[in-house]
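1. I would like the atomic coordinates for the input below:
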Amino acid sequence: MAEDGQGGKLDVGLLISADSHVMEAPDFWAKALPAGMRSKAPVYGDSKKENPFQGHEGAREAALRVTEMAKDGVSGEVLYPTRALHQFGMEDVELQEACFKVYNDWLLEYCAVAPERLFGVACISAFRIKEAIKEMERCKKLGMKGIMIWQAPPDAMGFDTHHHDPLFEAAEALDMPVSLHILTGAPYKPGWDALAKPPVEFQNFVINDKLHHAVKTLIDMIVSGTFDRFPKLNVITVENEVSWQPFVIWQMEKYAGKKYRSDYAMKLKPSEYFKRNLYTTFFNDPAAGELIEKWGPDTWMWSNDYPHPNSTWPNSRDVIRRDLGHLPEAIRAKVIRETVARLYSLPKILPLAGL
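-> Numbers count the residues shown, from 1 in each chain. Modelled structure (predicted):
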């Protein structure tokens, strides 16, 4: 446990989570979609019964959320979905667009209960880019702070193509950060369940496969010149943790440039794109604290992943003291509040009463 030098607990200060979640009702889409689409609506089991931890009422009811935030010592949260994550694997384009639109409307209402503490990220279907831009523009006007698209798109629409360019251009112009959340995209069809895999497959998935999608996405974007075409575009890899990043950066640096070949489109070193354009969230990655000062003092962001099973709730402050307590106060302040506030242009957030 990190101490303050006088034998007391370290004063962590204001906390803003860069990745927390809501929990959509099992029959939300069956009720919210236009009448003509309800027969195709995804319906989910009741996680409150299946997993009591994910059944926290604040994840469903915004009026109760601030109370649960206070238990964790968190004063502000950037919000992502839970069930809608797997809807990024839908192949029915119109259904996906409709599902995301009604979710975005609901999330706007949810955040409106505590607009000085709850900040929504809109789900955007990226099959039809013109429609994606329209929905992003609508959500921006209504107060959303960023957008989320798939992390693992179909190959024909991969990040090494120009498919997303008009969307990235619009996001850059609107100052809307683009999130790529773990477990989203073509490999994750509705109904997909990692826990149903045998132990060896499960371990390979949670360690190898998930990380593969994050690494591939970043390499595709960087090497294909995405950030040269859109130098002010901000992209966040969400919930992939972060201690793997220095290795990937080092390997990219080793193989990039004229030492091996001269046909790369990149204008900068890979590490420079990570510093300028790429942000990452983490929440339970002890090694991150040993790497932040050199590799991510301005781009790595702490989160609590509430209310999911791996969440640090309600012990986030103790986890921060354990993993980040040794850092200089100025670096720790960036990681746990300042970078996320700057990235999303958040309003001034006051500590919750009693914190």
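2. Not counting its neighbours along the chain, what's nearest the residue nearest in space to the middle of the chain?
-> The residue lying closest to the centre of the chain (CA atoms, centre = their mean) is residue 238, at 3.1 Å. Distance criterion CB to CB, 6 or more residues apart in numbering; nearest residue to residue 238, sequence neighbours excluded, is residue 181 at 4.3 Å. C-beta here means a position set from N, CA and C on the backbone, and glycine is covered the same way.
3. So what does the one you found have for phi and psi?
-> In terms of degrees, to the nearest 10, the main-chain angles of residue 181 are phi -90, psi 140.
4. hang on, the earlier thing: the residue nearest to the centre of the chain contacts residue 282, doesn't it?
-> No: taking contacts as CB atoms under 8 Å, residue 238 lies outside contact range of residue 282: 9.7 Å.
5. so how many other residues sit close to the closest residue to residue 349 other than its chain neighbours?
-> With CB to CB, 6+ apart as the criterion, residue 349 has its nearest non-adjacent residue at 4.3 Å, and that residue is residue 76. Neighbour count for residue 76, taken as other CB atoms under 10 Å: 27.
6. what does the one 5 residues further on give?
-> By the measure other CB under 10 Å, the count of residues near residue 81 is 25.
7. How much space separates it from residue 19?
-> Per CB to CB, to the nearest Å, residue 81 is found 11 Å from residue 19.
8. Then residue 221?
-> In this view, residue 221 and residue 19 are 20 Å apart by CB to CB.
9. Likewise for residue 315?
-> Residue 315 is 17 Å from residue 19, where distance means CB to CB.
10. So if I had to pick from these two, which one is more boxed in?
-> Taking neighbours as other CB under 10 Å, residue 315 and residue 19 compare with residue 19 leading, 27 against 15.
11. If you drop the residues flanking it in sequence, what lies closest to the more buried one?
-> Residue 19 sits nearest to residue 303 (CB to CB, 6+ apart), 3.6 Å away.
12. hang on, isn't residue 33 packed against residue 41?
-> Yes: between residue 33 and residue 41 there is a contact under CB under 8 Å: 5.1 Å.
13. what do these two both touch?
-> Jointly contacting residue 33 and residue 41 under the rule CB atoms under 8 Å, 6 or more residues apart in numbering are residue 99.
14. follow-up on the earlier one: so what's the residue nearest to residue 19 up against?
-> 17, 18, 19, 20, 78, 239, 281, 282, 283.
15. what about the first one, is that helix, strand or coil?
-> Read that as residue 17. strand (DSSP: H, G, I helix; E, B strand; the rest coil).
16. which residues pair with it across the strands?
-> Beta-bridge pairing of residue 17 under DSSP bridges involves residue 77.
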